[in-house]
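1. build the 3D model from these lines:
(one chain, ligands or ions: 1)
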Amino acid sequence: MISLLDYGAGNVRSLRNAVARLGFALTDVRTPADILGAERLLFPGVGAFGAAMGRLRELGFAEPLREYLLADRPFLGICIGLQCLFEGSAESPGVPGLGVLPGQVERFPAAALSVPHMGWNGLRPRRESALLAELEAERFYFVHSYCARADAGTADWLLAETDYGQPFVAAVQHGQVIALQFHPEKSGEPGIELLRRFLAGEVSVGTPGSTPPPTPPTRLAKRVIACLDVRSNDQGDLVVTKGDQYDVREQGEVRNLGKPVDLAARYYHEGADEITFLNITAFRDFPLRDQPMLEVLRRTSEQVFVPLTIGGGIRAFTDADGRAHSALDVAAEYFRSGADKISIGSDAVYTVEQVRARGADGTSAIEQIAARYGNQAVVISIDPRRVYVDAPDATQRTVIETAIPGPNGERFCWFQCTVSGGREGRDVDAVELARVCEQLGAGEILLNSIDRDGSGAGFDLELVQAVRGAVRIPVIASSGAGSPAHFVEVFAETGADAALAAGIFHRREVPIAAVKAALADAGVPVRRA
Ligand code: 1PR
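-> Reported below is the predicted structural model:
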């Protein structure tokens with residue numbers, strides 16, 4: 001019997017699903033006594049350090065947990081579940097951790113690297129262990145802005161390090177107590193295998209000092225993301241569709257490229273590093289009415305063990321009965337259904353307009369969701385379109401000099417943000433939008449291009465460069481992929497952290513494996529498909 005310590009802070013559905021897939025029964029910790037009574041304890045920390053420790057103390061779990069750990073009972077901590085073992089964290093100054101390990105968790109330094117450290121990175125094992133044996137060549141999914149550093153205090157515990165700028169602690173083990181900075185439940189089949197070993201008690205470990213041969217520094221992989229634009233067709237079926245410059249109809253009918261759950265499962269098996277669902281007509285419907293979409297997420301998370309993002313309709317709204325729902329309510333429902341991140345489109349544009357007029361006041365969806373679920377859970381989906389101008393000072397918006405002249409030979413343009421699926425342009429540019437949303441707490445930018453969408457002409461490199469240069473959070477380049485070479489190009493020419501495509505994958509024109517092979521050949525680090 002496996003006990004799960006879920007204090008209600010985010011998506012632990014994937015972990016539950018992974019344990020179920022492995023054939024183990026799971027029970028929830030409800031009282032402090034349940035901790036000491038556990039045979040094997042899973043602690044998936046989600047959210048901020050302070051919130052996690054605060055919740056553990058409120059529930060009376062902190063002391064029994066410490067006792068359980070000091071008694072060397074079987075334990076697997078994940079992400080914040082590792083960080084809580086330390087004495088404290090720069091994320092929440094003054095909040096004591098469990099103090100099983102000495103020292104403080106620190107923030108990744110301000111440097112050239114994107115923060116959060118988000119995506120697939122390798123491990124450098126520091127001891128022989130049954131847990132990591134023969135998984136050395138694999139990458140695992142990390143998402144965090146804070147990390148612990150190996151020092152004399154962790155010497156007896158250190159199991160593996162990972163490099164991001166400098167090395168940080170990726171895994172610790174002391175007897176039967178194990179903690180991982182990465183998410184095995186989001187790390188595909190190698191992650192599931194690692195989880196199986198813990199659940200089956202296959203955790204023997206070498207003595208500290210039994211260091212395996214040195215390995216080169218690990219590298220964060222560039223991510224390849226499959227995107228599924230989902231909506232109901234005219235017959236009322238939920239389908240994956242695909243537009244050309246956001247027009248998803250062909251001869252009057254909504255294009256139907258398949259069923260959402262089936263396609264997501266296919267992309268998981270083909271090696272997609274993440275899956276994104278965009279509910280593209282949610283701007284006009286009440287999103288919580290859209291039960292089929294929630295069902296899609298639930299069913300997908302039973303079989304897809306890489307990160308899932310869902311976008312569309314994340315905003316406050318009043319339903320037909322006059323009842324008000326906050327954006328946080330909508331997001332919470334998506335997280336409960338299996339989403340790891342939510343993506344905000346139209347509402348982010350309105351928020352930036354309001355911040356410009358009145359300043360930030362903590363009430364926006366971005367601020368509220370980031371405060372509750374962490375920055376990494378909030379993606380901003382930008383739907384920009386090029387607007388050409390004759391001169392850089394023709395508008396107050398951020399203008400670039402472009403190598404792709406406009407219809408009248410214009411050499412300058414700006415990237416106008418749109419709302420409602422590209423139907424309405426607003427007086428906000430993509431660079432300002434990204435910058436302000438980052439300040440409000442967004443953790444990632446999904447950068448579409450209406451001009452390139454469905455064109456197969458390659459990503460809009462100038463757009464990606466402009467936005468990439470304006471923020472430190474990860475940027476996903478989207479729209480226009482037509483061949484593996486376009487992925488190589490976008491990573492070579494811009495600092496994009498990930499690249500997303502839809503049409504070429506749906507129409508089976510280019511397999512994900514071919515994209516990864518081209519990237520690997522070009523020396524771009526990728527997770528193997
Ligand atoms: O405004 O918060 O309700 O969110 C709506 C979401 O739906 C936004 O993320 C917006 O991008 C998306 N959306 C709305 N209408 C459309 C449409 O196509 N008519 N799809 C739409 C956006 C763009 C990409 C696409 C890439 C790659 N689709 O996600 O997948 O362009 O395509 P390609 O590789 O085939 O070129 P809100």
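
2. helix/strand/coil for V230?
-> At V230, secondary structure determined by DSSP: H, G, I helix; E, B strand; the rest coil is strand.

3. partner residues bridging it?
-> V240, N279 (DSSP bridges).

4. measure it to the ligand for me?
-> Using CB to the nearest ligand atom, to the nearest Å, V230 is found at 9 Å from the ligand. C-beta coordinates here come from the backbone N, C-alpha and C atoms, glycine included.

5. quick one, what contacts that residue?
-> Counting by CB atoms under 8 Å, 6 or more residues apart in numbering, V230 touches 238-241, 260, 277-280, 293, 296, 312.

6. other SSEs contacting the lowest-mean-pLDDT helix or strand in the chain?
-> With mean pLDDT, DSSP states H and E as the measure, the helix or strand of the chain carrying the lowest mean pLDDT is strand 317-318 (a mean of 85). On a contact count with 3 or more CB pairs under 8 Å, 6 or more residues apart in numbering; DSSP states H and E, strand 317-318 meets strand 324-325.

7. out of the contacts of V230, who has the most neighbours?
-> G312 (28 neighbours; other CB atoms under 10 Å).

8. these two touch, right, it and F283?
-> Yes. Counting by CB atoms under 8 Å, F283 is a contact partner of G312 at 7.2 Å.

9. look up which helix or strand the residue of the chain most remote from its centre falls in, please.
-> Within the chain, N408 marks the point farthest from the mean C-alpha position, 40.7 Å out by CA atoms, centre = their mean. N408 is part of no helix or strand when elements are defined by DSSP states H and E.

10. state the phi and psi torsions of it.
-> Note on N408: its backbone torsions stand at phi -110, psi 30 [degrees, to the nearest 10].

11. quick revisit: so can I have a markdown table of the contacts of V230 showing pLDDT and distance to G60?
-> Output for the contacts of V230, formatted as a markdown table (pLDDT from 0 to 100; distance: CB to CB, whole Å):
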| residue | pLDDT | distance to G60 |
| --- | --- | --- |
| L238 | 90 | 43 |
| V239 | 94 | 48 |
| V240 | 96 | 46 |
| T241 | 95 | 50 |
| P260 | 97 | 42 |
| F277 | 97 | 38 |
| L278 | 95 | 42 |
| N279 | 92 | 40 |
| I280 | 91 | 45 |
| M293 | 85 | 37 |
| V296 | 93 | 38 |
| G312 | 92 | 39 |
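
12. which bits of the protein sit near the ligand?
-> 227, 229, 242-243, 246, 248, 278, 280, 282-283, 311-314, 343-347, 381, 383, 421-422, 448, 453-454, 478-481, 501-503 (CB under 6 Å from any ligand atom).

13. so which of those residues belong to helices?
-> Of these, the ones assigned to helices by DSSP state H are 346-347, 503.

14. please indicate which of these are buried?
-> Using 16 or more other CB atoms under 10 Å as the burial test, these include 346-347, 503 as buried.

15. that older thread, just the contacts of V230 now: which is nearest E161?
-> F277 (34.3 Å; CB to CB).

16. so what's the closest one up against?
-> Taking CB under 8 Å, 6+ apart, one finds 227-228, 230, 260, 264, 293, 296-297, 300, 308-312 in contact with F277.

17. ok, now with 6 Å
-> Neighbouring residues of F277 by CB atoms under 6 Å, 6 or more residues apart in numbering: 228, 230, 310.

18. including pLDDT, could these go into a markdown table?
-> Formatted as a markdown table, the contacts of F277 follow (pLDDT from 0 to 100):
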| residue | pLDDT |
| --- | --- |
| L228 | 98 |
| V230 | 94 |
| I310 | 96 |
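
19. looking at the ones in helices among the residues of the chain next to the ligand, which is nearest G252?
-> Closest to G252, out of all of these and judged by CB to CB, is G503, at 19.8 Å.

20. that closest one against K242, yeah?
-> Yes. Contact criterion CB atoms under 6 Å: G503 and K242 qualify, at 5.0 Å.

21. re the thing from before, kindly reformat the buried ones among the ones in helices among the residues of the chain next to the ligand as TSV containing pLDDT.
-> Formatted as TSV, those follow (pLDDT from 0 to 100):
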residue	pLDDT
S346	96
D347	97
G503	97
